[in-house]
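Asks: Sequence plus predicted model, see below.
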Amino acid sequence: MRLTQFTDFALRLLVELARETPGKRITIADASRRLDIPLNHLTKIAHRLAKANLLKTSRGRSGGLALSRSAESITVGQVVRVTEPDFALVGCMAGQDCSLAPGCGLAPVLDTALRTFLRVTDQATLADIAHSPTHRYC
């Protein structure tokens, strides 16, 4: 399984914000420069994260981006669920026909693996990966 670049960039943005002084905002342009992520991509990511209430945005002179709540209360799993388009690891998990379906045991194995992946990501918070050497993201 490989996460999309959208999810990768979203996690990088949130980790960067988690490392900021609480209450301090950074602009999308500043985040784009710091993270070396194209501004148009980061704008779309910030919009999605704000719609999911993981990020707050404000306009104006003192505007910018900030976490909507503490880094300790946002899990990696929440971010992954908001940013990944789907979790169908193989076609049959997405409802596609498969000639092996009647006797194939692959889908249940992959479903178990996916549930395990999500359970583990639900245990790691932004605070964990932003400040802990044992949960290094970048």
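Replies: Received, thanks. Numbering: from 1, shown residues only.
Asks: The nearest residue to I74 once chain neighbours are set aside: what's it in contact with?
Replies: Leaving out its chain neighbours, the residue that sits closest to I74 by CB to CB, 6 or more residues apart in numbering is L126, at 4.8 Å. Any C-beta I mention is one placed from the backbone N, CA and C, and that applies to glycine too. By CB atoms under 8 Å, 6 or more residues apart in numbering, L126 lies in contact with 14-15, 18, 67, 71-72, 74-76, 79.
Asks: 10 Å - rerun?
Replies: Going by CB atoms under 10 Å, 6 or more residues apart in numbering, L126 touches 11, 14-15, 17-19, 54, 67, 69-76, 78-79, 135, 137.
Asks: where's it relative to G95, distance?
Replies: 33 Å (CB to CB, to the nearest Å).
Asks: quick one: the strands in this structure?
Replies: Here the chain has its strands, by DSSP state E, at 55-58, 64-67.
Asks: These: which one's closest to D30?
Replies: Nearest to D30, of all the strands of the chain, is strand 64-67, at 7.6 Å by CB to CB.
Asks: for the closest one, what is the average pLDDT?
Replies: Strand 64-67 shows a mean pLDDT of 94.
Asks: Run the chain-centre distance for it.
Replies: With CA atoms, centre = their mean, to the nearest Å as the basis, strand 64-67 stands 15 Å off its chain's centre.
Asks: just checking, what packs against that strand?
Replies: Judged by 3 or more CB pairs under 10 Å, 6 or more residues apart in numbering; DSSP states H and E, strand 64-67 is in contact with helix 5-18, helix 28-35, helix 39-51, strand 55-58.
Asks: which residues are in contact with the last one?
Replies: Strand 55-58 has contacts (CB under 10 Å, 6+ apart) with 10, 13-14, 17, 25, 28, 43, 45-50, 63-69, 74.
Asks: Just the buried subset of the residues you listed, please.
Replies: 10, 13-14, 17, 25, 28, 45-46, 49, 64-68, 74 (16 or more other CB atoms under 10 Å).
Asks: Farthest pair within those?
Replies: Within the buried ones among the contacts of strand 55-58, two members stand farthest from each other by CB to CB: I28 and I74, at 18.8 Å.
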